[in-house]
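Undergrad: Structural data only, the sequence is not supplied:
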């Protein structure tokens, strides 16, 4: 089933068009990463899906409910944390969770128990009675995350959950996200960190200048971008005939224009994923009499997927 | 409807718990008027004469109750901070009535207003302020203070949402002081230039202060023929109604959409 679907979402702030027709389909379960450069519209998209901002045009359904017609049903199904949902500095960590429990109608006794239980589960019970303003950045972010879990949501929105955190705190957030995904929560997170998306996401949506430019499973997207073949000719064997021979071999497998750098004696060609194996490439170069120093066949990295999906920003 | 009340109660509990962690906030709210009692009651007051020859401090103390009750700042700063830090967004993403959080906050400031009234009244009694009328009038005065505080809180919350963060709220708070000064709280208005006197006499804070003087039986400032000062209790109730009718819908709409 589809957890989140959006069609033609548009939103402008004054003259700035934050979203220019966003279509989105996030399957139930797993982690979907919304990637994009600053100002691409990631946060606006999350705010619309979390019913905080109405879109100017387009429709969105979250957990089967329309965000405009049935915002309350949507709010019953979602949790929101990150950049735009925060905890209260002037209360203790426990009180933050307790008050949210009261607001979610758990009743005083269950709200109390739930606050204590969540702090224990996420390793914050030691600091639970201290005011949040005395906590470290990583601890606050974790509290922020668990504040959205007081009633476990079907769908969790995390807006840049690890921005500005040290590596240890990031790893703690990641393990919490993985644990939640494993328990069946659908998670939509925005991030600027490609490694974060690569580690966590089962689906990736790249958004740029208010539009979705690429969408799919990470492997799928990498396949779509294709790989790269690099050949470095051996020193002293980089004469004109060798260049021509090497170029002929690469043109036979290339999916686009070759790039040559005579200074480093290197020749690069974009290829479709699976177009050629390394031994086969070596064999062909050998058969063409090309003496090589180095040969590589690379799968694309998520960085390359990202760059391909965000050309306008470059 | 019942859930909206419990949601509101949760929001009120949040505010009161915050206050418990921050006793300096209470100290400042009460400390301000005490400071004015000293500055005005003993320094400027020595040169101010109350028309009709009453004790100046008996004139001043009900005025200070009015400035505290009409103070929009605590609500404004709290809402601006919640808005700037994302707490408002968190509450808005919860399946609760949009009215509940601002209502709970307004209710908690009314409670807070009653507490600070008691503390200030104690200070007032210490410097010579007295209650000259019966318990019914005192209860009416207390009800008026709580109701005025409730209404002022909606102005404050709306302003806080519009300002959107703590820093801007801090800058805007400077504007509140002249509104309090431009009234009959500290001095009788009849010595002011006519245009300024008209503004001061029609300032809701003046009617509020005049109504408290009337209900406690303290010396009043001349009304200069201004309707709100001739009928201060009715005028104060009217102001409360007008402010609620204007600012509750504005605030709720802004809260729901911001």
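TA: Alright, I've got the coordinates. Since the model is a prediction, treat every value here as computed from it, not as a measurement.
Undergrad: Outline the domain layout of chain A.
TA: If the domains of chain A are taken from automatic domain parsing, they occupy A:2-216, A:226-313, with pieces of a single domain joined by a plus sign.
Undergrad: just so I know, which of these lies nearest residue B:54?
TA: domain A:2-216 (42.5 Å; CB to CB). (Each C-beta comes from the backbone N, C-alpha and C, glycine too.)
Undergrad: got the residue ranges for the strands in chain A?
TA: In chain A, the strands defined using DSSP state E lie at A:2-13, A:16-27, A:31-35, A:57-62, A:65-66, A:78-82, A:155-159, A:186-191, A:203-208, A:211-216, A:227-233, A:259-261, A:266-271, A:292-298.
Undergrad: Using CSV, lay out those strands together with mean neighbour count and mean pLDDT.
TA: Written out in CSV, the entries for these read as follows (neighbours: other CB atoms under 10 Å in any protein chain shown; pLDDT from 0 to 100):
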stretch, mean neighbour count, mean pLDDT
strand A:2-13, 18, 93
strand A:16-27, 18, 91
strand A:31-35, 27, 93
strand A:57-62, 19, 95
strand A:65-66, 16, 96
strand A:78-82, 27, 90
strand A:155-159, 26, 94
strand A:186-191, 25, 93
strand A:203-208, 24, 90
strand A:211-216, 18, 88
strand A:227-233, 20, 86
strand A:259-261, 13, 86
strand A:266-271, 20, 87
strand A:292-298, 15, 87
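Undergrad: export those strands to JSON lines and tack on distance to residue B:89?
TA: Compiled in JSON lines, the strands of chain A are given as follows (distance: least, CB to CB, whole Å):
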{"stretch": "strand A:2-13", "distance to residue B:89": "16"}
{"stretch": "strand A:16-27", "distance to residue B:89": "16"}
{"stretch": "strand A:31-35", "distance to residue B:89": "17"}
{"stretch": "strand A:57-62", "distance to residue B:89": "16"}
{"stretch": "strand A:65-66", "distance to residue B:89": "19"}
{"stretch": "strand A:78-82", "distance to residue B:89": "7"}
{"stretch": "strand A:155-159", "distance to residue B:89": "10"}
{"stretch": "strand A:186-191", "distance to residue B:89": "15"}
{"stretch": "strand A:203-208", "distance to residue B:89": "20"}
{"stretch": "strand A:211-216", "distance to residue B:89": "24"}
{"stretch": "strand A:227-233", "distance to residue B:89": "42"}
{"stretch": "strand A:259-261", "distance to residue B:89": "47"}
{"stretch": "strand A:266-271", "distance to residue B:89": "43"}
{"stretch": "strand A:292-298", "distance to residue B:89": "42"}
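Undergrad: how about those, which one is nearest residue B:78?
TA: Taking CB to CB as the criterion, residue B:78 comes closest to strand A:78-82 out of those, the separation being 21.3 Å.
Undergrad: In the stretch 101-250 of chain A, what residue comes closest to chain B?
TA: When you check the stretch 101-250 of chain A against chain B by CB to the nearest CB, the closest residue turns out to be residue A:102, at 3.7 Å.
Undergrad: isn't that residue right up against residue B:6?
TA: Yes. Residue A:102 lies in contact with residue B:6 (CB atoms under 8 Å); the separation is 7.4 Å.
Undergrad: Look up the closest residue to the residue of the stretch 101-250 of chain A closest to chain B, ignoring the ones flanking it.
TA: Among residues not flanking residue A:102 along the chain, residue B:10 sits closest, at 3.7 Å (CB to CB, 6 or more residues apart in numbering or on different chains).
Undergrad: What's the separation between that neighbour and residue A:104?
TA: Distance from residue B:10 to residue A:104, counting by CB to CB, to the nearest Å: 9 Å.
Undergrad: So between those two, which is more surrounded?
TA: Remark: of residue B:10 and residue A:104, residue B:10 carries more neighbours, 24 against 19, as counted by other CB atoms under 10 Å in any protein chain shown.
Undergrad: tell me which element that one falls in.
TA: If you go by DSSP states H and E, residue B:10 is part of helix B:2-21.
Undergrad: List the buried residues in that helix.
TA: B:6-19 (16 or more other CB atoms under 10 Å in any protein chain shown).
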